[in-house]
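Student: Below: sequence and its predicted model.
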Amino acid sequence: MSADPKTQLADLLRAALKSVAPEQADTPIHLERPKQADHGDFATNLALQLARPLRRNPRELAALLLGELPADALVAKAEVAGAGFINFTLAAGAKTAVVREVLARGDAFGRGVRKGVKTQIEFVSANPTGPLHVGHGRGAAYGASLASLLEFAGFDVTREYYINDAGRQMDILALSTWLRYLAFFGIEVPFPPNAYQGGYVIDMAREMRDAHQGRFARVTLEAVLAGTPGLPPRERKDDEAKAQREAHLDRLIANAKQLLAEDYAWVHGFALNEQLGDCREDLQEFGVHFDKWFSEKSLFDTGLVERAVAELERRGHIYVQDGAKWFRSSGFGDEKDRVVQRENGMYTYFASDIAYHLNKYERGYDRIIDIWGADHHGYIARVRGAVAALGLPPDRLEVALVQFAVLYRNGQKASMSTRAGDFVTLRELRREVGNDACRFFYVLRKSDQHLDFDLDLAKSQTNENPVYYVQYAHARVCSVLQQWGGDVAELAEVTLAPLASERELALCAQLGVFAEVVQNAAADHAPHMIAFYLKDLAGEFHGWYNAERMLVDDEAVRGARLALACAVKQVLASGLRMLGVSAPESM
RNA sequence: GCGCCCGUAGCUCAGCUGGAUAGAGUACUGCCCUCCGAAGGCAGGGGUCGUGCGUUCGAAUCGCGCCGGGCGCGCCA
């Protein structure tokens, strides 16, 4: 298979460059697609770049380069323009050739060849303490799309979810569930305002009661509350009151562990499994798949957390102060040092995260991509620092930040606190808007850009969602092909000479950039570029569709046009697939 | 206070890593279904790219200073 026009042109230019200026033969050759049609199909600023080192007029250099350009059937016209650009117009045959290539390669068209680059992507990783909300949804849609995109670009991708099953938040969930459960047996412990308020907690408590009756209720109100500092008045919002509420909660947890003894692990595990199961189901319905669910707790069970901290210590990056162990992250680009092991002997979340990243490296990934909420950006320096301190190459670790989605309802910001139980869940959103619109909408802007998610708009005006525009183009092609009724496979052999109108050639050019868009989007971690590309491609198609008929009597014209439409359909399907959006045959 | 992100059409956003006359969608105006799907197309108005310097052949894009907005700065996770 011949190389694509862009590489061929670059080769021709390289040859010309070598004879015009051998000493500058390494100058990178940049070819771009001009915005204006009369600037041809490709343009290069090579002469402008050479002007400075060679101390020569750029237009003269451009003319010299053109003089030395080897003749090739690919190029129909090449001319010097503007300040010293060289504009190329391709032969019509070179432009339409992409149609045959798409039809020949099918799903594989546009795929990159970087096989063997092991890439791990970790995303969502929400605490399993309640339903996923709209913010998690964005991380899920972004991560899943990026993973598919990288895979399409040729990387060997593993998708991973990190389960925070070892921390205080899980204890709070277990406690919350237990307190709701106790209420069924007349033990009415005042429900702490900083425990999980959501109705799903009561549902879990009810399940516990139905399955186990009073097994976990052989306690008294006094015993549950023993030693707690009590709750400050609701209206108090000062730091002291907050600290007291947290202390109250911690004491309740301690009491629960003591009173339930071995049953505490059961309650904890029950709540975890319920929420994790719900989360998995939710993501699966959303078309988001994971290859591995990695437990934070397992890092403790296998002793990796201990080993990671010990390794940092061995390398001299740990010191003790105020009874706690500190990692000297300030020596690795962080703004200050961080605690890894508390005064009470407990490891911090940071410690297990160091261990987790050590584990990722030990599994031998070439690229490790973490997708975090943008509020974690202050966390990057310390994790990267820890990686470096462990003697691992920090360049392999890439962090992509996803800004929160801010919900608007009736023009008002909607609250999204999980603990308050007042938020819109991903599941609710999916049911209202549909998975396709949801996935597309989420990746329609750069991930590090704030997303104003207007619920009313997304719910009530689904027909205006751009996803339908792209899907409609796909369905239209399917519809025409069906009415034609011929053998699609034969279209791959058809002569493409009848494709000559401006619209048809522009459409071919659009198909031709697909592989490039994929590579750029992959390099930038930017699946939104795929979404925008699809919108553009669909737009070109709709315009053409309205201007020309495909099912005409002239067999040659009909064949060529159907072949083009078929190629468009293929690329639309490939792109939509990357974004986790369906490509319907009819709608 | 320090750090990161952002400021482009009335609104929501792109802008291919420095290129030629800054683009879509939406909204507004006027057209196009006896015609493969009108969830579509065509045409039109709409801009000091927050702002001021600088870097160079050339800046929405790179650097610095302001102005405005978001987020983060725990022995929480």
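Tutor: In hand now; what should we look at? Quick caveat: nothing in here was measured; it's all calculated off a predicted structure.
Student: okay, how far is it across stretch A:102-121, tip to tip?
Tutor: Terminal residues of stretch A:102-121 are spaced 29 Å apart (Cα to Cα, to the nearest Å).
Student: Show me which residues of that stretch are buried.
Tutor: Within stretch A:102-121, the residues that qualify as buried by neighbour count (16 or more other Cβ atoms under 10 Å) are A:Val102, A:Leu103, A:Phe109, A:Gly110, A:Gly112, A:Thr119, A:Gln120, A:Ile121. For glycine as for every other residue, the C-beta is placed from the backbone atoms N, C-alpha and C.
Student: can you tell me if it touches RNA strand B.
Tutor: No - judged by Cβ under 7 Å from any atom of the strand, stretch A:102-121 and RNA strand B are separated, with a smallest distance of 15.0 Å.
Student: Off-centre distance for that stretch?
Tutor: From the chain centre to the centre of stretch A:102-121 is a distance of 18 Å (Cα atoms, centre = their mean, to the nearest Å).
Student: any idea how far the residue of the stretch 151-300 of chain A found nearest RNA strand B is from A:Glu160?
Tutor: For the stretch 151-300 of chain A and RNA strand B, the shortest gap (Cβ to the nearest atom of the strand) falls at A:Gly167, measuring 2.4 Å. According to Cβ to Cβ, to the nearest Å, A:Gly167 and A:Glu160 sit 18 Å apart.
Student: Between the two, which has more neighbouring residues?
Tutor: A:Glu160 (24 against 16; other Cβ atoms under 10 Å).
Student: looking at this, that one is in a strand?
Tutor: Yes - the assignment for A:Glu160, made by DSSP: H, G, I helix; E, B strand; the rest coil, places it in a strand.
Student: isn't it right next to A:Gln120, touching?
Tutor: Yes - in this structure, A:Glu160 sits in contact with A:Gln120. The criterion is Cβ atoms under 8 Å, and the distance is 6.0 Å.
Student: Need the per-residue pLDDT for A:Asp40.
Tutor: Rather than Asp, residue A:40 is Gly. Note for A:Gly40: predicted pLDDT of 88.
Student: show me what contacts it?
Tutor: Taking Cβ atoms under 8 Å, 6 or more residues apart in numbering, we find A:Gly40 in contact with A:Pro34, A:Lys77, A:Glu79, A:Asn87, A:Phe88, A:Thr89, A:Leu90.
Student: Adding distance to A:Leu61 and pLDDT, write those out as TSV.
Tutor: Formatted as TSV, the entries for the contacts of A:Gly40 read as follows, by distance: Cβ to Cβ, whole Å; pLDDT from 0 to 100:
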residue	distance to A:Leu61	pLDDT
A:Pro34	19	86
A:Lys77	19	91
A:Glu79	14	91
A:Asn87	15	93
A:Phe88	16	93
A:Thr89	20	91
A:Leu90	23	91
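Student: Just the buried residues of the residues you listed.
Tutor: Of all the contacts of A:Gly40 considered here, the ones buried according to neighbour count by 16+ other Cβ under 10 Å are A:Asn87, A:Phe88, A:Thr89, A:Leu90.
Student: would a markdown table of these with distance to RNA strand B and secondary structure be doable?
Tutor: Written out in a markdown table, the entries for the buried ones among the contacts of A:Gly40 read as follows (distance: Cβ to the nearest atom of the strand, whole Å; DSSP: H, G, I helix; E, B strand; the rest coil):
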| residue | distance to RNA strand B | secondary structure |
| --- | --- | --- |
| A:Asn87 | 5 | strand |
| A:Phe88 | 9 | strand |
| A:Thr89 | 11 | strand |
| A:Leu90 | 14 | strand |
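Student: Many thanks, have a good one.
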